[in-house]
Structure formats: C-alpha cells, structure tokens
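Q: Structure of the sequence below:
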Amino acid sequence: MAEVTMYGADWCGDCRRSKALLNTTGVEFEMKDVENSEEFTEEARAISGRTNIPVIQFADGKFLVEPSDAELHAELKLRGLVS
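A: Reported below is the predicted structural model:
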C-alpha cells in the first residue's frame, strides 16, 4: 500500500485541489478514481462511512475526508512527508 491513497474523481473540485497539493509538495500517492470503479467507491465508503470525496487514507489507516489544504498539509507535515 502506498503511504498516501486518494479516492476521488476528476469532476470533484475538492479532489482536484487536494491532488494539486500532493503534486506540488512532491508527495507520492496512489489515485483511485471512484468515478470509474464501483470497487473504489465501496472502498472509500468503507473507510470513511460516508460518500463524500476526496477520502485521503494513510498507510496506518488514518484518513481525512474533504480536507482543507491546511488540514492536509498539516497531516503530511506531521507524518514527515513534507517539511
């Protein structure tokens, strides 16, 4: 499993924003497109208990749902993935 896995869709503004932050900071992540996979949709729902996206899950199981850039950056920093 990647250190960071993101469940999202291209049409989702929050997903695009979170993806841009991950790309800008150079954090490697696995993208799972829920638009094209019922399996990924169910995985995201099982993780968060909700249907909101993005769901960003870390290797230890912790996850964020629809995080702000500040929330996501703080979590990445806490984990030593960004400085």
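Q: okay, CA-based contacts and neighbour counts for the rest of this
A: Will do.
Q: At the geometric centre of the protein, which residue sits there?
A: Taking C-alpha atoms, centre = their mean, the centroid of the chain lies closest to residue 56, which sits 2.4 Å from it.
Q: Give me the three-state assignment for that one.
A: strand (DSSP: H, G, I helix; E, B strand; the rest coil).
Q: Leaving out chain neighbours, which residue sits closest to it?
A: Spatially, and ignoring its direct neighbours in sequence, residue 56 is nearest to residue 6 (4.4 Å; C-alpha to C-alpha, 6 or more residues apart in numbering).
Q: Dig out what the one you found forms beta bridges with.
A: residue 31, residue 56 (DSSP bridges).
Q: what about it, neighbour count?
A: 26 (other C-alpha atoms under 10 Å).
Q: per-residue pLDDT, it?
A: Note for residue 6: predicted pLDDT of 98.
Q: show me the contacts for the residue nearest to the centre of the chain.
A: Residue 56 sits next to 4, 5, 6, 7, 63, 64, 65 when contact means C-alpha atoms under 8 Å, 6 or more residues apart in numbering.
Q: what pLDDT, on average, does the longest helix belonging to the chain get?
A: Counting by DSSP state H, the longest helix found in the chain is helix 13-25. The average pLDDT for helix 13-25 rounds to 97.
Q: go on, stretch 55-72?
A: Average pLDDT, stretch 55-72: 97.
Q: Name the residues of that stretch that come out as buried.
A: Residues of stretch 55-72 classed as buried: 55, 56, 57, 58, 63, 64, 65, 66, 67, 72 (neighbour count, 16 or more other C-alpha atoms under 10 Å).
Q: Repeat that for stretch 10-23.
A: Buried, per 16+ other C-alpha under 10 Å, within stretch 10-23: 14, 15, 17, 18, 19, 21, 22.
Q: now, which of these sits nearest residue 34?
A: residue 15 (11.0 Å; C-alpha to C-alpha).
Q: wait, isn't that closest one in contact with residue 65?
A: No. Using C-alpha atoms under 8 Å, residue 15 is not in contact with residue 65; the gap is 10.1 Å.
Q: Name the residues contacting each of the two.
A: 53, 54.
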